[in-house]
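Task: produce atomic coordinates for the following.
(one chain, ligands or ions: 1)
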Amino acid sequence: MTHPQKTDNLRFRRLIFMAIFIVLLSGCASSASEIPDTTPTTASTSAPTTAPTAPPLPITENLLPEDLSDPREEAITHIVIHFISAVTNHRENPFDAGLIRQIFLDAEISSHYLIARDGEIIRLVPEDRVAWHAGPGSWAGDEQYTNKMNRYAVGVELMGIGTRQEMSQYLSAEEYDRLDPTDIGFTDEQYQSLARLIADIRARHPGVLFDRAHILGHDEYNLSKPDPGELFDWERIMDDNLR
Ligand SMILES: [Zn+2]
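Numbering: from 1, shown residues only. All right, here's what the predicted structure looks like:
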């Protein structure tokens, strides 16, 4: 029984030796392949192997005064979605960007982005500053976020009007019923721009995971808030194809 075992040991040692030899050889081969190839390449061999990158997201700059935001200290991990309009005082012209800008100035609030009805994305506050949009609230029972979501979040405002119930603190039922129905809810262009904006934010801030724990509505953070409300279709921005 001992003799075959010795032979096996010998074979095993030979195998190890060969394995080391092969590894050394392949190591040499890989270093050799790292020597730059100076021979001219044809167009076919130098074709790019990666997919073409998407064009940069068009964003209109219209920054609010810096005293409506704070320096950012924490990493960005959340996106809070809102709606806003000037409908309370301007029922005929609820989505005028200048009137909406005035709301931020008068109320001393701010948000990073405003998405117009035609999908235009307007930057109000740079992401490296903390905007004042989420206010008091709580999230996932985590005290870190209690009344402090702004520190971790990018705020995105969609120009929009909610349901009669959601708007009842701003409009009487009669006033609501006289609104242009096409002004209620959100447009396809807004959903498309929001999806692109979320992808853009996530590419820069990987801590913003693609789930509803990190992408939330103001009405979920603060239950007394109406926005973005029932008319906002979360499935249109949380689609796996947009991941
Ligand atoms: Zn809000």
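
Within range of the ion, give me the residues from the chain.
In this structure, the chain approaches the ion at residues His82, His218, Asp227, judged by CB under 5 Å from the ion. From N, CA and C alone the C-beta is placed, and that goes for glycine too.

ok, and the most crowded of these?
His218 (25 neighbours; other CB atoms under 10 Å).

List the contacts of Ile161.
Going by CB atoms under 8 Å, 6 or more residues apart in numbering, Ile161 touches Phe83, Ser85, Val87, Pro94, Met167, Leu179, Asp183, Ile184, Gly185.

circling back: and the residues of the chain next to the ion, which of them are in strands?
His82 (DSSP state E).

Could you export the residues of the chain next to the ion as CSV, including pLDDT and distance to Gly162?
Compiled in CSV, the residues of the chain next to the ion are given as follows (pLDDT from 0 to 100; distance: CB to CB, whole Å):
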residue, pLDDT, distance to Gly162
His82, 98, 11
His218, 98, 11
Asp227, 98, 7
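
And the contacts of Ile161, which two are furthest apart?
The largest separation in the contacts of Ile161, counting by CB to CB, is between Phe83 and Leu179 at 13.8 Å.

More neighbours: which of those two?
Neighbours around Phe83 and Leu179, counted as other CB under 10 Å, are more numerous at Phe83. The numbers are 27 against 18.

Quick check: that one touching Val156?
No. Contact criterion CB atoms under 8 Å: Phe83 and Val156 do not qualify, at 10.0 Å.

leaving aside the residues next to it on the chain, what's closest to Ile215?
In space, and not counting its chain neighbours, Ile215 is closest to Ile79: 4.8 Å by CB to CB, 6 or more residues apart in numbering.

Next up, the contacts around that neighbour.
With CB under 8 Å, 6+ apart, Ile79 has these contacts: Ala153, Val154, Gly155, Val156, Ile198, Ile201, Val208, His214, Ile215, Leu216.

For the residue positioned nearest the centre of the chain, which three-state class applies?
By CA atoms, centre = their mean, the mean C-alpha position of the chain lies nearest to Ile198, the distance being 2.7 Å. State at Ile198, reduced to three classes by DSSP: H, G, I helix; E, B strand; the rest coil: helix.

pretty sure it is in contact with Leu242, am I right?
Yes. Counting by CB under 8 Å, Leu242 is a contact partner of Ile198 at 7.4 Å.

possible to save the contacts of Ile79 as TSV with secondary structure?
Converted to TSV, those look like this (three-state DSSP):
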residue	secondary structure
Ala153	strand
Val154	strand
Gly155	strand
Val156	strand
Ile198	helix
Ile201	helix
Val208	coil
His214	coil
Ile215	strand
Leu216	strand
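
I'd like these laid out as CSV, including distance to Pro126 and pLDDT.
Listed next are these as CSV, based on distance: CB to CB, whole Å; pLDDT from 0 to 100:
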residue, distance to Pro126, pLDDT
Ala153, 14, 98
Val154, 10, 98
Gly155, 12, 98
Val156, 14, 98
Ile198, 17, 98
Ile201, 12, 98
Val208, 16, 98
His214, 20, 98
Ile215, 20, 98
Leu216, 22, 98
